[in-house]
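*Asks:* Turn this into a model:
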Amino acid sequence: MNSNPNSEFQIPNSTLELLDFTLRLADDAVIMGHRLGEWCGHGPVLEQDIALTNTALDHLGRARSLYQYAADQVNRLPVDEKKKLFTSVAFQNLVSSGASVDEDDLACLRDCWDFRNVLLVEQPNNDWAYTIARSFFYDAFNYFFFTELVKSKNETLSSIAEKSLKEVTYHLRWSSEWVVRLGDGTDESHARILTAINDLWMYTGELFTMNETDKVMFQQGIAPDLDQIKTSWLASVRSVFSEATLTIPTGTWMQHGGKEGTHSEHLGYILADMQFMQRAYPEMEW
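*Replies:* Residues are numbered from 1 along each chain as shown. Below you'll find the predicted structure:
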(Lines give C-alpha, C1' and ligand atoms only; values in the text may rest on other atoms or scores of the structure.)
Protein backbone atom coordinates (compact mmCIF):
# COMPACT_ATOMS: atom_id res chain seq x y z
CA MET A 1 0.00 0.00 0.00
CA ASN A 2 1.17 3.56 -0.70
CA SER A 3 0.77 5.67 2.44
CA ASN A 4 1.51 9.26 3.38
CA PRO A 5 5.18 9.38 4.49
CA ASN A 6 4.75 12.56 6.51
CA SER A 7 1.56 13.01 8.49
CA GLU A 8 2.22 16.72 9.14
CA PHE A 9 1.28 17.39 5.54
CA GLN A 10 -2.20 15.90 5.90
CA ILE A 11 -5.01 18.39 5.49
CA PRO A 12 -5.72 19.60 9.04
CA ASN A 13 -9.12 18.98 10.61
CA SER A 14 -10.07 22.62 11.04
CA THR A 15 -11.46 24.96 8.40
CA LEU A 16 -10.12 22.82 5.55
CA GLU A 17 -12.63 19.95 5.67
CA LEU A 18 -14.50 21.49 2.74
CA LEU A 19 -11.33 21.38 0.64
CA ASP A 20 -10.71 17.78 1.69
CA PHE A 21 -14.30 16.87 0.79
CA THR A 22 -14.19 18.64 -2.56
CA LEU A 23 -10.88 17.05 -3.50
CA ARG A 24 -12.15 13.59 -2.64
CA LEU A 25 -15.11 13.96 -4.99
CA ALA A 26 -12.80 15.27 -7.69
CA ASP A 27 -10.25 12.50 -7.16
CA ASP A 28 -12.96 9.82 -7.30
CA ALA A 29 -14.19 11.22 -10.59
CA VAL A 30 -10.82 11.72 -12.29
CA ILE A 31 -9.49 8.27 -11.35
CA MET A 32 -12.71 6.54 -12.40
CA GLY A 33 -12.70 8.52 -15.62
CA HIS A 34 -9.12 7.49 -16.31
CA ARG A 35 -9.91 3.82 -15.66
CA LEU A 36 -12.90 3.84 -18.01
CA GLY A 37 -10.91 5.79 -20.59
CA GLU A 38 -8.51 2.84 -20.81
CA TRP A 39 -11.27 1.01 -22.71
CA CYS A 40 -11.24 3.58 -25.55
CA GLY A 41 -10.60 1.59 -28.71
CA HIS A 42 -10.77 -1.71 -26.82
CA GLY A 43 -14.47 -2.14 -26.09
CA PRO A 44 -16.17 -5.45 -26.94
CA VAL A 45 -18.29 -3.78 -29.63
CA LEU A 46 -18.19 -0.30 -31.13
CA GLU A 47 -21.41 0.86 -29.47
CA GLN A 48 -20.17 -0.01 -25.98
CA ASP A 49 -16.72 1.38 -26.72
CA ILE A 50 -18.33 4.74 -27.48
CA ALA A 51 -20.70 4.53 -24.51
CA LEU A 52 -17.90 3.85 -22.05
CA THR A 53 -15.68 6.56 -23.53
CA ASN A 54 -18.51 9.08 -23.18
CA THR A 55 -19.05 7.97 -19.59
CA ALA A 56 -15.35 8.52 -18.90
CA LEU A 57 -15.68 12.05 -20.27
CA ASP A 58 -18.65 12.66 -17.96
CA HIS A 59 -16.51 11.74 -14.96
CA LEU A 60 -13.64 13.92 -16.16
CA GLY A 61 -15.99 16.84 -16.72
CA ARG A 62 -17.27 16.56 -13.16
CA ALA A 63 -13.70 16.27 -11.89
CA ARG A 64 -12.80 19.47 -13.69
CA SER A 65 -15.63 21.42 -12.05
CA LEU A 66 -14.67 20.11 -8.63
CA TYR A 67 -10.95 20.78 -9.11
CA GLN A 68 -11.77 24.33 -10.18
CA TYR A 69 -13.74 24.83 -6.98
CA ALA A 70 -10.95 23.24 -4.92
CA ALA A 71 -8.37 25.49 -6.58
CA ASP A 72 -10.41 28.56 -5.62
CA GLN A 73 -10.34 27.36 -2.01
CA VAL A 74 -6.58 26.73 -2.11
CA ASN A 75 -5.85 30.16 -3.58
CA ARG A 76 -7.65 31.87 -0.70
CA LEU A 77 -5.26 30.31 1.82
CA PRO A 78 -2.07 32.01 3.09
CA VAL A 79 1.13 30.70 1.48
CA ASP A 80 2.21 28.95 4.68
CA GLU A 81 -1.09 27.05 4.80
CA LYS A 82 -0.81 26.09 1.14
CA LYS A 83 2.61 24.57 1.75
CA LYS A 84 1.16 22.31 4.44
CA LEU A 85 -1.43 20.78 2.14
CA PHE A 86 0.62 18.37 0.03
CA THR A 87 4.09 16.83 0.09
CA SER A 88 4.70 16.99 -3.67
CA VAL A 89 7.89 18.88 -4.53
CA ALA A 90 6.27 20.10 -7.74
CA PHE A 91 3.34 21.53 -5.79
CA GLN A 92 5.65 23.06 -3.18
CA ASN A 93 7.67 24.78 -5.93
CA LEU A 94 4.49 26.12 -7.51
CA VAL A 95 3.32 27.62 -4.22
CA SER A 96 6.76 29.08 -3.47
CA SER A 97 6.78 30.80 -6.86
CA GLY A 98 3.69 32.76 -5.89
CA ALA A 99 1.65 31.41 -8.80
CA SER A 100 -2.03 30.63 -8.41
CA VAL A 101 -3.12 26.99 -8.26
CA ASP A 102 -5.47 25.77 -10.99
CA GLU A 103 -7.40 22.59 -11.75
CA ASP A 104 -4.54 21.00 -13.70
CA ASP A 105 -2.12 21.56 -10.82
CA LEU A 106 -4.37 19.69 -8.40
CA ALA A 107 -4.75 16.78 -10.80
CA CYS A 108 -1.16 16.59 -12.05
CA LEU A 109 1.15 17.95 -9.34
CA ARG A 110 0.03 15.97 -6.29
CA ASP A 111 1.61 12.66 -5.31
CA CYS A 112 -0.15 9.36 -4.69
CA TRP A 113 -0.62 9.87 -0.94
CA ASP A 114 -2.13 13.31 -1.56
CA PHE A 115 -5.09 11.77 -3.41
CA ARG A 116 -8.27 11.07 -1.44
CA ASN A 117 -10.21 8.82 -3.82
CA VAL A 118 -11.80 5.63 -2.52
CA LEU A 119 -9.93 2.42 -3.30
CA LEU A 120 -12.76 1.03 -5.45
CA VAL A 121 -12.23 3.42 -8.37
CA GLU A 122 -8.50 2.70 -8.73
CA GLN A 123 -8.91 -1.06 -9.08
CA PRO A 124 -7.81 -2.34 -12.52
CA ASN A 125 -10.23 -3.15 -15.34
CA ASN A 126 -9.08 -6.79 -15.64
CA ASP A 127 -11.92 -7.78 -17.96
CA TRP A 128 -15.33 -6.49 -19.03
CA ALA A 129 -17.09 -8.04 -16.05
CA TYR A 130 -14.76 -6.32 -13.54
CA THR A 131 -15.33 -3.00 -15.26
CA ILE A 132 -19.10 -3.47 -15.14
CA ALA A 133 -19.14 -4.54 -11.48
CA ARG A 134 -16.92 -1.62 -10.41
CA SER A 135 -19.00 0.84 -12.44
CA PHE A 136 -22.27 -0.50 -11.05
CA PHE A 137 -21.18 -0.22 -7.41
CA TYR A 138 -19.85 3.31 -7.98
CA ASP A 139 -22.76 4.44 -10.19
CA ALA A 140 -25.35 3.28 -7.67
CA PHE A 141 -23.54 5.16 -4.93
CA ASN A 142 -23.24 8.30 -7.06
CA TYR A 143 -26.92 8.27 -7.93
CA PHE A 144 -28.06 8.40 -4.31
CA PHE A 145 -25.15 10.59 -3.21
CA PHE A 146 -25.71 13.34 -5.77
CA THR A 147 -29.48 13.14 -5.29
CA GLU A 148 -28.85 14.21 -1.69
CA LEU A 149 -25.94 16.56 -2.45
CA VAL A 150 -28.32 18.69 -4.52
CA LYS A 151 -29.81 19.71 -1.15
CA SER A 152 -26.42 20.88 0.17
CA LYS A 153 -26.15 24.29 1.83
CA ASN A 154 -23.04 24.83 -0.28
CA GLU A 155 -24.36 26.37 -3.48
CA THR A 156 -21.38 25.40 -5.62
CA LEU A 157 -21.50 21.72 -4.66
CA SER A 158 -25.28 21.72 -5.02
CA SER A 159 -24.97 23.14 -8.53
CA ILE A 160 -22.33 20.58 -9.54
CA ALA A 161 -24.50 17.79 -8.11
CA GLU A 162 -27.56 18.98 -10.03
CA LYS A 163 -25.62 19.04 -13.29
CA SER A 164 -24.05 15.64 -12.59
CA LEU A 165 -27.27 13.90 -11.63
CA LYS A 166 -28.51 13.56 -15.23
CA GLU A 167 -25.25 11.92 -16.24
CA VAL A 168 -25.12 9.70 -13.16
CA THR A 169 -28.69 8.50 -13.81
CA TYR A 170 -27.64 7.31 -17.26
CA HIS A 171 -24.47 5.70 -15.89
CA LEU A 172 -26.48 3.66 -13.39
CA ARG A 173 -29.01 2.56 -15.98
CA TRP A 174 -26.21 1.46 -18.32
CA SER A 175 -24.18 -0.48 -15.74
CA SER A 176 -27.33 -2.03 -14.21
CA GLU A 177 -28.41 -3.36 -17.59
CA TRP A 178 -24.98 -4.88 -18.11
CA VAL A 179 -25.00 -6.56 -14.70
CA VAL A 180 -28.31 -8.19 -15.64
CA ARG A 181 -27.06 -9.05 -19.11
CA LEU A 182 -23.97 -10.80 -17.76
CA GLY A 183 -25.57 -12.35 -14.69
CA ASP A 184 -28.57 -13.75 -16.52
CA GLY A 185 -26.63 -14.63 -19.67
CA THR A 186 -24.41 -17.59 -20.42
CA ASP A 187 -22.71 -19.80 -17.85
CA GLU A 188 -19.40 -18.05 -18.60
CA SER A 189 -20.78 -14.51 -18.35
CA HIS A 190 -22.51 -15.41 -15.07
CA ALA A 191 -19.30 -16.86 -13.65
CA ARG A 192 -17.24 -13.82 -14.71
CA ILE A 193 -19.55 -11.19 -13.23
CA LEU A 194 -19.91 -13.25 -10.04
CA THR A 195 -16.12 -13.43 -9.68
CA ALA A 196 -15.81 -9.68 -10.25
CA ILE A 197 -18.52 -8.90 -7.70
CA ASN A 198 -16.97 -11.16 -5.08
CA ASP A 199 -13.52 -9.65 -5.62
CA LEU A 200 -14.67 -6.02 -5.58
CA TRP A 201 -17.20 -6.26 -2.77
CA MET A 202 -14.59 -5.57 -0.08
CA TYR A 203 -13.96 -2.13 -1.60
CA THR A 204 -17.59 -0.98 -1.39
CA GLY A 205 -17.66 -0.39 2.37
CA GLU A 206 -15.34 2.61 2.13
CA LEU A 207 -17.98 4.45 0.12
CA PHE A 208 -20.05 4.73 3.31
CA THR A 209 -17.29 5.15 5.90
CA MET A 210 -17.80 8.41 7.76
CA ASN A 211 -14.37 9.86 8.50
CA GLU A 212 -13.88 13.16 10.33
CA THR A 213 -14.39 15.21 7.16
CA ASP A 214 -17.68 13.43 6.39
CA LYS A 215 -18.91 14.01 9.93
CA VAL A 216 -18.10 17.73 9.92
CA MET A 217 -19.57 18.28 6.46
CA PHE A 218 -22.76 16.42 7.43
CA GLN A 219 -23.11 18.43 10.63
CA GLN A 220 -22.80 21.65 8.63
CA GLY A 221 -25.46 20.56 6.16
CA ILE A 222 -22.99 20.35 3.28
CA ALA A 223 -22.61 16.60 2.79
CA PRO A 224 -25.26 13.84 2.81
CA ASP A 225 -25.75 11.22 5.51
CA LEU A 226 -23.77 8.21 4.25
CA ASP A 227 -25.72 5.80 6.47
CA GLN A 228 -28.93 6.83 4.73
CA ILE A 229 -27.30 6.48 1.32
CA LYS A 230 -26.02 3.00 2.22
CA THR A 231 -29.57 1.83 2.90
CA SER A 232 -30.76 3.06 -0.50
CA TRP A 233 -27.66 1.68 -2.21
CA LEU A 234 -28.11 -1.80 -0.75
CA ALA A 235 -31.76 -1.86 -1.81
CA SER A 236 -30.79 -0.91 -5.36
CA VAL A 237 -28.01 -3.50 -5.51
CA ARG A 238 -30.33 -6.25 -4.22
CA SER A 239 -32.96 -5.37 -6.82
CA VAL A 240 -30.53 -5.50 -9.75
CA PHE A 241 -28.81 -8.63 -8.44
CA SER A 242 -32.17 -10.37 -8.10
CA GLU A 243 -32.96 -9.69 -11.75
CA ALA A 244 -29.45 -10.82 -12.70
CA THR A 245 -29.78 -14.09 -10.70
CA LEU A 246 -26.88 -12.98 -8.48
CA THR A 247 -26.52 -12.85 -4.72
CA ILE A 248 -24.83 -10.23 -2.56
CA PRO A 249 -21.52 -11.49 -1.12
CA THR A 250 -21.64 -12.49 2.53
CA GLY A 251 -18.25 -11.03 3.48
CA THR A 252 -18.35 -8.12 5.90
CA TRP A 253 -14.63 -7.20 6.08
CA MET A 254 -13.92 -4.08 4.06
CA GLN A 255 -10.83 -2.35 2.72
CA HIS A 256 -10.33 1.29 3.63
CA GLY A 257 -7.70 4.03 3.60
CA GLY A 258 -8.20 5.84 0.31
CA LYS A 259 -9.99 8.75 1.94
CA GLU A 260 -6.94 9.30 4.15
CA GLY A 261 -4.36 8.93 1.36
CA THR A 262 -3.43 5.25 1.73
CA HIS A 263 -3.77 3.53 -1.64
CA SER A 264 -3.08 0.34 -3.52
CA GLU A 265 -0.15 0.13 -5.91
CA HIS A 266 -2.61 0.55 -8.79
CA LEU A 267 -3.01 4.28 -8.19
CA GLY A 268 0.71 4.84 -8.68
CA TYR A 269 0.55 3.40 -12.18
CA ILE A 270 -2.49 5.51 -13.04
CA LEU A 271 -0.79 8.71 -11.91
CA ALA A 272 2.45 7.83 -13.72
CA ASP A 273 0.43 7.69 -16.92
CA MET A 274 -1.91 10.60 -16.19
CA GLN A 275 0.71 13.03 -14.90
CA PHE A 276 3.66 12.27 -17.17
CA MET A 277 3.21 15.08 -19.68
CA GLN A 278 2.81 17.82 -17.07
CA ARG A 279 5.71 16.52 -14.97
CA ALA A 280 8.04 16.07 -17.96
CA TYR A 281 7.21 19.44 -19.51
CA PRO A 282 6.27 21.85 -16.68
CA GLU A 283 3.87 24.68 -17.57
CA MET A 284 3.20 23.12 -20.95
CA GLU A 285 -0.03 24.33 -22.54
CA TRP A 286 -2.16 22.40 -25.04
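*Asks:* and D199, how many neighbours?
*Replies:* Here the count is done by other C-beta atoms under 10 Å, and D199 has 16 residues near it. The C-beta positions use only the backbone N, C-alpha and C, and glycine is treated the same way.
*Asks:* Around E162, how many other residues sit close by?
*Replies:* Quick note: E162 (other C-beta under 10 Å) scores 14 neighbours.
*Asks:* can you check E155 too?
*Replies:* 8.
*Asks:* cool, G98 as well?
*Replies:* 7.
*Asks:* so it, which of the three states?
*Replies:* coil (DSSP: H, G, I helix; E, B strand; the rest coil).
*Asks:* Might you report the residue contacts of it?
*Replies:* V79 (C-beta atoms under 8 Å, 6 or more residues apart in numbering).
*Asks:* For R64, give its distance to A70.
*Replies:* 11 Å (C-beta to C-beta, to the nearest Å).
*Asks:* intersection of neighbour lists for these two?
*Replies:* E103.
*Asks:* of these two, who's got more company?
*Replies:* A70 (24 against 17).
*Asks:* which of the residues in the host helix or strand of that one are buried?
*Replies:* According to DSSP states H and E, A70 maps onto helix 46-75. For helix 46-75, burial by neighbour count (16 or more other C-beta atoms under 10 Å) applies to 51-52, 55-56, 58-60, 62-74.
*Asks:* same thing with stretch 273-286?
*Replies:* Those would be 274-275, 278, for stretch 273-286 by 16+ other C-beta under 10 Å.
*Asks:* quick one: that stretch to chain centroid distance?
*Replies:* 22 Å (C-alpha atoms, centre = their mean, to the nearest Å).
*Asks:* ok, and what's touching that stretch?
*Replies:* 30, 34, 90, 104, 107-109.
*Asks:* Restricted to helices, list those.
*Replies:* Mapping these onto helices (DSSP state H) picks out 30, 34, 90, 104, 107-108.
*Asks:* Return the member of those residues nearest to N198.
*Replies:* Nearest to N198, judged by C-beta to C-beta, of those is H34 at 24.6 Å.
*Asks:* Is it correct that that closest one is in contact with I270?
*Replies:* Yes: the pair H34 / I270 is scored as a contact, 5.6 Å apart, by C-beta atoms under 8 Å.
*Asks:* got a pLDDT number for R173?
*Replies:* Among the per-residue scores, R173 holds a pLDDT of 97.
*Asks:* And S7, by the same measure?
*Replies:* S7 is given a pLDDT of 39.
*Asks:* Check V45 too.
*Replies:* Per the predicted model, pLDDT is 74 at V45.
*Asks:* now Q278
*Replies:* The model's pLDDT for Q278 equals 82.
*Asks:* I'd guessed Q228 sits against K151; true?
*Replies:* No: using C-beta under 8 Å, Q228 is not in contact with K151; the gap is 11.7 Å.
*Asks:* The two: which has the busier surroundings?
*Replies:* Taking neighbours as other C-beta under 10 Å, Q228 and K151 compare with Q228 leading, 13 against 10.
*Asks:* can you tell me which helix or strand that one belongs to?
*Replies:* helix 226-243.
*Asks:* Can I get the ones in helices among the contacts of stretch 273-286 in TSV including distance to N125, pLDDT and neighbour count?
*Replies:* Output for those, formatted as TSV (distance: C-beta to C-beta, whole Å; pLDDT from 0 to 100; neighbours: other C-beta atoms under 10 Å):
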residue	distance to N125	pLDDT	neighbour count
V30	16	97	25
H34	11	94	20
A90	28	89	16
D104	25	92	16
A107	20	94	24
C108	22	92	18
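*Asks:* nearest to F145, of those?
*Replies:* Using C-beta to C-beta, the ones in helices among the contacts of stretch 273-286 come closest to F145 at V30, 16.5 Å.
*Asks:* ok, the closest one touching L60?
*Replies:* Yes: at 6.4 Å, V30 counts as touching L60 under the criterion of C-beta under 8 Å.
*Asks:* Measure how buried the closest residue to A161 other than its chain neighbours is and give me the count.
*Replies:* Leaving aside its sequence neighbours, A161 sits nearest to L149 (C-beta to C-beta, 6 or more residues apart in numbering; 3.8 Å). Around L149 there are 22 other residues, counting by other C-beta under 10 Å.
*Asks:* if I look at L149, how far off is A196?
*Replies:* From L149 to A196 the distance is 28 Å (C-beta to C-beta).
*Asks:* who's in contact with the spatially closest residue to E243 that is not a sequence neighbour?
*Replies:* Residue nearest to E243 in three dimensions, not counting chain neighbours: V180, with 5.1 Å by C-beta to C-beta, 6+ apart. Applying C-beta under 8 Å, 6+ apart, we find V180 in contact with 240, 243-244.
*Asks:* With that, I have no additional questions.
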